[in-house]
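> the following block contains a protein sequence and its predicted model.
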Amino acid sequence: MFVAPDGDHYRVRLTHSLEVAQIARTLARALAINEDLTEALALAHDIGHPPFGHAGEDVLQAAMAGAGGFDHNAYAIRLLTRLETPYPRFAGLNLSWETLEGLAKHNGPVTEPPWALAEADGEWPLELGSWPGLEAQIAAVSDDIAYDNHDIDDGLRAGLFTLEELLGVPLAARAWDAVRARHPGDGEARLIPELVRDLIGRMVDDVLAETRRRTSGFASVERVRAAGRPLAGFSDEMAAEEEALKAFLHLHMYEAASVKAVRAEAQAMLAALFAAYRQSPDRLPAEWRPGNGGDTALLRAIGDFIAGMTDRYAIRRYEELIGPARLPEGL
């Protein structure tokens, strides 16, 4: 959510992924599906995000338009199968087909795969047109549960909205009433973490009940993939309430003026960094320079290098190559 946040207690991509994995493993255990696969998918689902998250992805998509563009999900597959090479006998992490398939389409079937995903599909046919296994579907809905609720926590901590404003969302208001009823003598500071836990519990319980209802009679993973629809998810009632919560967070948090100001400056920095590497490819570390392949290979090599950066590393490289960073302070 935040660019290289000043506060140590805001979520970053890693801590978000850990929280997704906790929720996903809980759901997998209750549903008696493969816990290890579910956890692996949850931990890796965001590993393809470039610096500055979705804002950075927009920059790379534009900068790499002449080479097929950039997609963080496709890049995750590329990272795990080609770019990370910790073993001497093969490229990638030697992940199972089920892991690659689940990562490729945990958000549903892919009808027009980006170039990086198309390459992977050519090597390990991933059945991109079908729904993934239940483990990937659980990882996806766990992602929603985690970021909905930790964004409440981070948004309140950052002062982007107040508790009173949040309680205009019916789901949050009902949960707050229940929390206050259980702990009538405690103040807001003690009860806000309990509110977040309560909301997570409500969403998890709903997913369990709805997924059990939808999967009744599905005895094999082949039937799950051939169902033509997601079998794990929220009930219609909870889906509507979760959408209302998302709308609140979008208005008060993602589109907050202070957040947008940081995002715009971060995007300008990343675009300038990409342009600097394209103008002078020798500035790339030797191991990232393409041997041949023309402009397409160069654009993809720069994209691979930048996409693997953290926020702070991208800022440091910008300062080394271009000049002082001018990110607004406060987040």
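On my side now, so go ahead. Keep in mind that what you see is a predicted model, and the values were worked out from it rather than measured. Residues are numbered from 1 along each chain as shown.
> the stretch 201-331 of the chain: helices as residue ranges?
Assigned by DSSP state H, counting those that start in this stretch, the stretch 201-331 of the chain shows helices spanning 221-225, 236-249, 257-279, 294-307, 311-321.
> which of those helices sits closest to residue 90?
Of all those, helix 294-307 sits nearest to residue 90, with 18.4 Å by C-beta to C-beta. For every residue, glycine as well, the C-beta is placed using N, CA and C.
> so what touches that closest one?
With contacts defined as C-beta atoms under 8 Å, 6 or more residues apart in numbering, helix 294-307 is touched by 48, 50-51, 56, 60, 63-64, 66-68, 70, 72, 75, 78-79, 83, 270, 273-274, 277-278, 281, 284-285, 288-291, 314.
> I'd like the average pLDDT over it.
Averaging pLDDT along helix 294-307 gives 97.
> swap in stretch 99-116?
96.
> and the contacts of it?
The contact list for stretch 99-116 (C-beta under 8 Å, 6+ apart) reads 37, 40-41, 44-45, 67-71, 73-78, 80-81, 117, 120-121, 124, 126-133, 135-137, 139-140, 230.
> quick check on the residues you listed: which are buried?
Among those, those buried by neighbour count (16 or more other C-beta atoms under 10 Å) are 37, 40-41, 44-45, 67-71, 73-78, 80-81, 117, 120-121, 126, 128, 130-133, 135-137, 139-140, 230.
> give me the low-pLDDT residue ranges for the stretch 51-200 of the chain?
Nowhere does the stretch 51-200 of the chain drop to pLDDT under 70.
> please enumerate the helices of it.
53-63, 72-78, 97-104, 115-123, 134-158, 163-166, 170-182, 188-215.
> for the last one, list every residue counted as buried.
Applying a neighbour-count criterion of 16+ other C-beta under 10 Å, one finds 191-192, 194-196, 198-200, 202-204, 206-208, 210-211, 214-215 buried in helix 188-215.
> which strands or helices does it pack on?
The helices and strands touching helix 188-215, judged by 3 or more C-beta pairs under 8 Å, 6 or more residues apart in numbering; DSSP states H and E, are helix 13-31, helix 134-158, helix 170-182, helix 236-249.
> can you tell me which of the ones you listed is nearest to residue 261?
helix 134-158 (13.6 Å).
> other SSEs contacting the closest one?
Packing contacts for helix 134-158, counted by 3+ C-beta pairs under 8 Å, 6+ apart, involve helix 13-31, helix 35-44, helix 97-104, helix 163-166, helix 188-215, helix 236-249.
> CSV for those, including distance to residue 87?
Formatted as CSV, the helices and strands packed on helix 134-158 follow (distance: least, C-beta to C-beta, whole Å):
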stretch, distance to residue 87
helix 13-31, 23
helix 35-44, 17
helix 97-104, 16
helix 163-166, 47
helix 188-215, 36
helix 236-249, 40
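> nearest approach to residue 153 belongs to which of those helices?
Residue 153 lies closest, by C-beta to C-beta, to one member of the helices and strands packed on helix 134-158: helix 188-215, at 5.3 Å.
> tell me which residue is most central in this structure.
In the chain, the centroid-proximal residue (C-alpha atoms, centre = their mean) is residue 46; its distance is 4.0 Å.
> leaving out chain neighbours, which residue sits closest to residue 188?
residue 163 (6.1 Å; C-beta to C-beta, 6 or more residues apart in numbering).
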